[in-house]
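Asker: Next comes the sequence, and after it the predicted model I'd like to discuss.
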Amino acid sequence: MRQILIHLFALAGIMLLSHAVTAQVYSEMSNSALKKTAEGALRFSDAHTAVACYEEIRTRKPESITNLDKLAKLQASIHNYAAALDALDQILVLLPNGDPQRLFLKGEFLKKLGKYTEASVVFDQYIDLIKRDQKLRDQKKRAREAKEGCDSALVMMDKKLNVDLMRLPTSVNGPHIEFNPIEINANTLVYAALKEDSVSRFHRDSLMPKRAFYYAEKTDDTWTDRGVWNKALSGEQYDVGNGAFNADTSLFYFTKCARNWKGEVNCKIWVADVSLNGKITNAKVLGDIINAIGTSNSQPTLGTETRRGYDILYFVSDRIGGRGGKDIWAAVYDEGKSKFKSPRNLGRKINTEYDEVSPSYQEANRKLYYSSDRPIGMGGLDVFQSRGENRKWVTSENVGYPINTNADELYFTTTSDPSRGYFTSNRMGTSQMFHPTCCDDIFSFHFRDYISVHIEGLVVEVPDSLYVKGLSDESEAENLGGFPPLKGSEIELYIIENGKEVLLKSFEVDDSGEFALDLEGDKEYRMEVSKLGFLNNYIKINTIGQTFSDTLGIDLGLAKLNDAPILIPNIYYGFDSAVLTDKAKTSIQGTLLKILEDNPDIKIEIGAHTDSRGEDAYNLRLSQERAQSVANYLISDGISPKRLIARGYGEEQHIAPNTFEDGSDNPNGRSKNRRTEFTIIGNTNQF
């Protein structure tokens, strides 16, 4: 599994030698001295010095497979895949009979160089070599996934996203690494970086440069670095970075990392208070619930629970109980106990047996962006996205090309404008200290074809006659604007993706009954409105096919709950029959069925009535059969029979005279008496 500690504050990339060694004296050192120097450098995560040592040994022992193996792996660890492939190819020449595991490694290097067609061929060769070895089933699976990643990369390149990318200028991006962009406002960006302009050499007891937070300001589209941001967060003992605000920006979570006596990097998550003027104070490390003993924890991002509004801390950890490598975990803040609950793994829709890192949660659209080095990707770390919260997610999707490339892409985050944002990449064309893909830079993006649909709505009280007829939700404001507003009504907005509903927002309308929402284009939504003592209502909103940003008006009406019978319009039967006509079925679908679906907890009585023609016993039996026909039709459409009671009343409860005072027939009165009604008789939880 590839190491990504450079993104988690390893000190890779800095020359941290216990003795000052220069390139000029490598040639004067013995092989033994070179190996010892390389081993010492690696204890300080200085892979570049180790590479220099093994390259010198290579000039002396060009056919040493052991040396070439170390060289290939070291070059890959610093993302110099061209040099890694060169060393590996030399090994394969020296092993003419083939070497399956090194062949697989060659495929990975080719893929990370963006040579997808060549890599696909090599993966096929590898699969063919090991196809009869049952002990290598996992390796075959990984090779097939890697080949699938090559194929999907070519498809993504053909379906290039309509996005503008811009590498931030050298005032922000220096020769070393920049990462974790955080927008403060449209003209202020905080980011973490290691501000080194050249390769530095240090003795064991030297103060080593540390990662810290910096900030830049934009004036007339020009970014200017303003130096260290909140100096209180930085220090000589720790690498600092990976920060995120909570939803109301009252707290700032960040990571501090240090090296232990074994040379291992260990990270912990901290939290600090944020004042109204943006000053950060009272920084303290989180307790063992988050920073479990013996684990490394970093890269926090914050969301909230949709209904309760509690903070959810998402973070990266190597703790026991994960799916493999580094996983993303979530911990809900218990406001009653003023502490986080035990973290839980986000599960298989997010985490894999590989590494998942740099999570960023977009509160407005309930999206989690993160990076993963799973084989089904374009090369190194790819950005993926999923929607949900806590442990409930839809299946993750690759964000696509050219956000993702054959290089590493991390720290993808959107701004207050969801069409814009930032990410980090070490793709070709970045600032370089060691080789063309050594170091991460910050890029901005802008999706040119992003569609936003703004909703302005009103919730009002309507009479039950209007509600039953299905006329209580309209897309034109003037249709329901004459009815009284229902302040305190609650709205829940769901998005429907991959056949699943995800709750995006839950809130109350204002005192005037008004509300506003921003929706994405090319999506399907469901909006549900409720208020205690009223029947619910919902409406589906479809932005699929919307080709431009727009503003829509949507009003919804709620009818008050009562125990009076409510007439179901247009329920017709054949003469002397309980069989529903097609017109009656259509009416039920648009009225009673919708009401039951909108209000899944209510239990109703379906009452059927006749006029006075015929014997009492006959009319009572016919009305019972007609009421049961309506119930059966609802059951066939998925309504639970436990929610329905069918009752025939015959001619007992007429609402109009069947005859006039002179005894002559009253056709209009009889028509009114031949009716089907429903009455809300309770809540299913009561029964």
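Answerer: Yep, that arrived. Numbers count the residues shown, from 1 in each chain.

Asker: Sketch out the low-pLDDT regions of this structure for me.
Answerer: Applying pLDDT under 70 to the chain flags the ranges 1-24, 197-209, 261, 263, 430-434, 468-479, 481, 574-575, 683-687.

Asker: hey, where'd the helices end up in it?
Answerer: Under the criterion DSSP state H, helices of the chain are mapped to 23-26, 31-43, 47-60, 65-77, 81-94, 100-112, 116-130, 137-158, 464-468, 477-480, 582-590, 592-598, 616-636, 667-673.

Asker: CA-only coordinates of the fourth one in PDB, if you can.
Answerer: Spelled out, that is helix 65-77. Output of helix 65-77 as PDB, limited to C-alpha atoms (Å, rounded to 0.1, in the frame of the first residue of the first chain):
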ATOM      1  CA  ILE A  65      18.700  -6.200  -8.300                       C
ATOM      2  CA  THR A  66      18.500  -5.500  -4.500                       C
ATOM      3  CA  ASN A  67      19.800  -1.900  -5.100                       C
ATOM      4  CA  LEU A  68      17.500  -1.300  -8.100                       C
ATOM      5  CA  ASP A  69      14.500  -2.600  -6.100                       C
ATOM      6  CA  LYS A  70      15.200  -0.100  -3.300                       C
ATOM      7  CA  LEU A  71      15.800   2.700  -5.800                       C
ATOM      8  CA  ALA A  72      12.500   2.000  -7.600                       C
ATOM      9  CA  LYS A  73      10.500   2.000  -4.400                       C
ATOM     10  CA  LEU A  74      12.200   5.100  -3.100                       C
ATOM     11  CA  GLN A  75      11.600   7.000  -6.400                       C
ATOM     12  CA  ALA A  76       7.900   6.000  -6.300                       C
ATOM     13  CA  SER A  77       7.700   7.200  -2.600                       C
END
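
Asker: Who does residue 425 form a beta bridge with?
Answerer: residue 409, residue 441 (DSSP bridges).

Asker: Now distance to residue 336 too, for the helices of the chain, in CSV please.
Answerer: All C-beta atoms are positioned from the backbone trio N, CA, C, and that covers glycine. Shown next, in CSV, are the helices of the chain (distance: least, CB to CB, whole Å):
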stretch, distance to residue 336
helix 23-26, 61
helix 31-43, 47
helix 47-60, 48
helix 65-77, 46
helix 81-94, 51
helix 100-112, 48
helix 116-130, 53
helix 137-158, 44
helix 464-468, 39
helix 477-480, 40
helix 582-590, 45
helix 592-598, 33
helix 616-636, 42
helix 667-673, 57
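
Asker: Among those, which comes closest to residue 534?
Answerer: Smallest distance to residue 534 across the helices of the chain (CB to CB): 9.3 Å, for helix 464-468.

Asker: what about residue 545, how many neighbours?
Answerer: Neighbour count of residue 545, defined by other CB atoms under 10 Å: 8.

Asker: Over to residue 73?
Answerer: 16.

Asker: give the contact list for it.
Answerer: By CB atoms under 8 Å, 6 or more residues apart in numbering, residue 73 lies in contact with residue 84.

Asker: circling back to that earlier point, would you tell me which of the helices of the chain gets closest to residue 324?
Answerer: It's helix 137-158; of the helices of the chain, that one is closest to residue 324 (CB to CB) at 11.2 Å.

Asker: Can you tell me which of the helices of the chain is nearest to residue 557?
Answerer: Closest approach to residue 557 among the helices of the chain is made by helix 477-480 (5.4 Å; CB to CB).

Asker: between the helices of the chain, which one is nearest to residue 361?
Answerer: Per CB to CB, nearest to residue 361 of these: helix 137-158, 24.1 Å.

Asker: which of the residues in that closest one are buried?
Answerer: Residues of helix 137-158 classed as buried: 139-140, 142-147, 149-150, 152-153, 156-157 (neighbour count, 16 or more other CB atoms under 10 Å).

Asker: try stretch 443-453
Answerer: By 16+ other CB under 10 Å, the buried positions in stretch 443-453 come out as 443-445, 447, 450-453.
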